[in-house]
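Participant: No sequence on hand, only this structure:
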């Protein structure tokens, strides 16, 4: 094999040349060395194209060195372990890694979507808004599939993720975001005061770009100083270091979120049981933003061709991995820093020349380059790039700021470009929670100004580009500032270069890309201006500039510069778009953490849950509870089982696990008066040992809950609420007690889970209870409907309420939860001879609907008053005040045109109206039709042998006997007669049997 | 994610450990005089709230702690909690004086009463 021209024969501080690593990229085996990133290893293999662009499908290569990379987005792993959109520059390779490029079909080299590029003049900014307007029906079948196929970054994994994730919560006195020279120095300074320091860095190695920085600190070169500082910090007990951990967001009161890639770089870590990712939720007293700066590209014609790379990234490729993008390079710059890249290339034996847009460049580095014999062309820009899948040549033209036309140009062969348009402080973390920024003329960029949180920015993140000043800023964290002796090259001034003019017609085959990831060009931004999207926030949304995973890291300032030149406004006048978390994307797995599957939402189970499971119950979720829906036996389907259960209650006796019913004990000398305030009806008149059904409204006069309340003693009540309402209602009672009627002496105690409770309902209910020899009189005379007894059943302590939600003779038997299963079994055994059978929630619903009993949440929806559901009689006229009373007196709540609850009998008794079906005034061929109400509950009643329904219908109670129509899907219309809501046992004799 | 400190049990925690309960010091007209409440008064009680930029007075509940409701004075711009105080109490005098707009109006009478 001939010598690889891209892997230099020496150098590469991060790689171990003794350890070869083979991985697969787009199905091909590629080899690199331990320590390589996917980017460096693929580049070393000679491949320059890493992906296709979002809109035009142009071939794209690497641009960056780390998290700023916007082109080389890679999918890693296969099947259910696939993770899309990772930056090639951050993926550490390991043996067996499987990776693939994205947004290309069928291959990187030949991509069908690239035809978009040929039609680009027809796909201008705002294309989607302009084109996909009409007709509406085209959205579903034409536009959306087209956009989804043409656009999109990466693809979702297939199947359930087998890896684990976790959340960590941590407090820190000081968190330092970024472990470069600034962060390391700040960590040492802060740690010296004895406080707890957390240092987070997104890279595997601390030091930031110390290795790409020129200079000496106390006689050591910068990178050696950084390495030594990292070692010192690691040994300190009060410093916690997290590498491969990106602080993705800063929120109110110094709350931060950090995303740690625990096992991405080494499958052995995952195999040992560690989570793949960890999401750290951090609360810090002080935040130090030491996030460094990001180099900006330059907008020149076809600046997106593969192998046009940021100067710092080229320097990093050589220094860290011993990789060069090519053999002949052009460094294109407007500042001194990129000259370090020229030196690195020259030292590596790569041919290099410098094209510098400045007329005057006399910094130490420029002088040194000239002295070293590097060809430096001042007052010049790159005006054209040749090559499609890579760079073959550039054209260099004379340039003077403010005079934008190309007159002559010279062609120079080369195979890569290292560009640098200056550096932008990484302001994201500073700005997430409202930090203010200011424009700095020296940097031609924004830097931090002020913040309301306890947060500081230091070093390059603060716009401080010199090593010495950075170290000084870091000493602000120490009690006593340390002194450093720093030698570093003196930098000449940068001159902004927002747009390098090109030959040929503007934007015809020579696109000046601003936002590579979203395929936004300088022309697009200017077009947005011309079309009136003047505000930068509008420009952003219209052109998609600065959106998506990249969030404008490299593009923001360049875009502002182009707009500034187009409008004549200064950059601060134009302003910046909002920086939003996350800094870089983090995985859905990390957001979910361990809260998946059974832990996603804890399930509440009654004491009888196991019995239900053992007896074939089909469960349904009711709030967080799982309740038995029905108990199908042997050959029954659900429908048959429900009908059997209903008829069993009507004809024999059934038993329901009602333990989920909300139970709240209300005790104290003012308990009765308090309940009078809470309920629409009166409880102070309730006699001890009696039960009363109550309605609860909110202050707007709308129904919120209902249930039976029992007076256990003069000052002691037991309130039942709906199963879903238990927590809400106890909080509601507490709120009024604590905030409005603070003088009341009342305790509110939720006891739902303390009790198991069963409804024994049916003609034989008394017989079943009698068999267990109650120690209280159970006769109809002694224990009437709506009353309560306390005692023992078969020796088990019980509270028994004679209340009914089925319309049958019914007892609700409550026992302390631990006795629940025993009592259930005893009742089952006692009921055997009477044909007792368990029934589920669906039978319960049909039974109550047959009786016209409402369910809050079915018959009411938060806009329904007690009067609407026909319970005006339960709204006290005597009580001076209760919650919702005054609102109920508003005229619009008394209008006869309000929807009122009625019963419905369908014309065809075998047909069941769909739940929620709309009634209309007049049936027409097609909508719109005037709607007059909707079905709230609808069932096939086995008791009556026909369908029944309840509905809220405008002025319904005045329309008894009227036939109304329900147009359904497919043109079908069902008709039903309005009736009373009670369908069965209208006199209620069975309740009192 | 705000940090809230309960004045009753003294626990500090994330705002998710607490429950926000809307504007403080809203008077429920029916509690004192259930008979003579105009529609406008009832409307104001139910729906009309201050929305100041700056100092605001709110109700919070120590949900995962002692369960008690309390009052908080919070700056809606900086999100700083200036004080937390009991549910039946008025804010510290200096904050009543600092309040602007409708809040200044509201506290004027209370300050007079205190003086």
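Facilitator: Thanks, I have it. Because the structure is a prediction, the values reported are computed rather than measured.
Participant: From now on I want contacts and neighbour counts done on CA atoms only, so please keep to that.
Facilitator: Will do.
Participant: how near is the residue most central in space within chain B to chain A?
Facilitator: Compute the mean C-alpha point of chain B, and by Cα atoms, centre = their mean the closest residue is residue B:24, 2.5 Å away. Going from residue B:24 to chain A by Cα to the nearest Cα, to the nearest Å gives 10 Å.
Participant: Am I right that that residue is in contact with residue B:51?
Facilitator: No - applying Cα atoms under 8 Å as the test, residue B:24 and residue B:51 come out as separate, 11.9 Å apart.
Participant: For chain A, what's the nearest residue on chain B?
Facilitator: Chain A sits closest to residue B:1 of chain B, with a gap of 5.0 Å, by Cα to the nearest Cα.
Participant: Around that residue, count how many other residues there are.
Facilitator: Neighbours of residue B:1 under the rule other Cα atoms under 10 Å in any protein chain shown: 15.
Participant: Likewise for residue A:634?
Facilitator: Residue A:634, neighbours per other Cα under 10 Å, totals 8.
Participant: Let me know the secondary structure of it.
Facilitator: Counting by DSSP: H, G, I helix; E, B strand; the rest coil, the backbone at residue A:634 sits in coil.
Participant: Could you check how far it is from residue A:641?
Facilitator: Look at residue A:634 and residue A:641: by Cα to Cα, to the nearest Å, they are 10 Å apart.
Participant: what do you get for residue A:805?
Facilitator: 20 Å.
Participant: Likewise for residue A:64?
Facilitator: For residue A:64 relative to residue A:641 (Cα to Cα), the value is 66 Å.
Participant: out of those two, which sits in the busier spot?
Facilitator: Between residue A:64 and residue A:641, residue A:64 has the larger neighbour count (other Cα under 10 Å), namely 29 against 20.
Participant: mind listing what the residue nearest to residue A:492 when sequence neighbours are not counted touches?
Facilitator: Nearest residue to residue A:492 in three dimensions, chain neighbours excluded: residue A:363, at 4.1 Å (Cα to Cα, 6 or more residues apart in numbering or on different chains). Counting by Cα atoms under 8 Å, 6 or more residues apart in numbering or on different chains, residue A:363 makes contact with A:336, A:490, A:491, A:492, A:493.
Participant: Quick check: pLDDT value at residue A:363.
Facilitator: Looking at residue A:363, its pLDDT is 92.
Participant: Repeat that for residue A:102.
Facilitator: On the pLDDT scale, residue A:102 gets 84.
Participant: Please list the residues of the stretch 451-600 of chain A that sit near chain B.
Facilitator: residue A:452 (Cα under 8 Å from any Cα of the partner chain).
Participant: which stretches of the stretch 451-600 of chain A form helices?
Facilitator: A:467-474, A:522-530, A:536-543, A:556-567, A:571-574, A:588-592 (DSSP state H, counting those that start in this stretch).
Participant: And for the stretch 151-300 of chain A?
Facilitator: Using DSSP H, counting those that start in this stretch, helices in the stretch 151-300 of chain A cover A:181-191, A:222-234, A:267-271.
Participant: deepest of those helices, which one?
Facilitator: helix A:181-191 (a mean of 28; mean count of other Cα atoms under 10 Å in any protein chain shown).
Participant: give the contact list for residue A:810.
Facilitator: A:759, A:760, A:761, A:762, A:765, A:802, A:803, A:804, A:991 are the contacts of residue A:810 under Cα under 8 Å, 6+ apart.
Participant: and the residues you listed, which of them are in helices?
Facilitator: residue A:765 (DSSP state H).
Participant: among the contacts of residue A:810, who's most crowded?
Facilitator: Neighbour max across those (other Cα under 10 Å) = residue A:760, 34 neighbours.
Participant: low pLDDT regions in chain B?
Facilitator: Nowhere does chain B drop to pLDDT under 70.
Participant: hang on, the earlier thing: with mean pLDDT and mean neighbour count added, can I get the helices of the stretch 451-600 of chain A in JSON lines?
Facilitator: Output for the helices of the stretch 451-600 of chain A, formatted as JSON lines (pLDDT from 0 to 100; neighbours: other Cα atoms under 10 Å in any protein chain shown):
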{"stretch": "helix A:467-474", "mean pLDDT": "97", "mean neighbour count": "22"}
{"stretch": "helix A:522-530", "mean pLDDT": "91", "mean neighbour count": "21"}
{"stretch": "helix A:536-543", "mean pLDDT": "90", "mean neighbour count": "20"}
{"stretch": "helix A:556-567", "mean pLDDT": "92", "mean neighbour count": "21"}
{"stretch": "helix A:571-574", "mean pLDDT": "93", "mean neighbour count": "16"}
{"stretch": "helix A:588-592", "mean pLDDT": "95", "mean neighbour count": "17"}
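Participant: I'd like those helices written out as CSV, with distance to residue A:210 added.
Facilitator: What follows is the helices of the stretch 451-600 of chain A, written out as CSV (distance: least, Cα to Cα, whole Å):
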stretch, distance to residue A:210
helix A:467-474, 9
helix A:522-530, 33
helix A:536-543, 34
helix A:556-567, 24
helix A:571-574, 30
helix A:588-592, 30
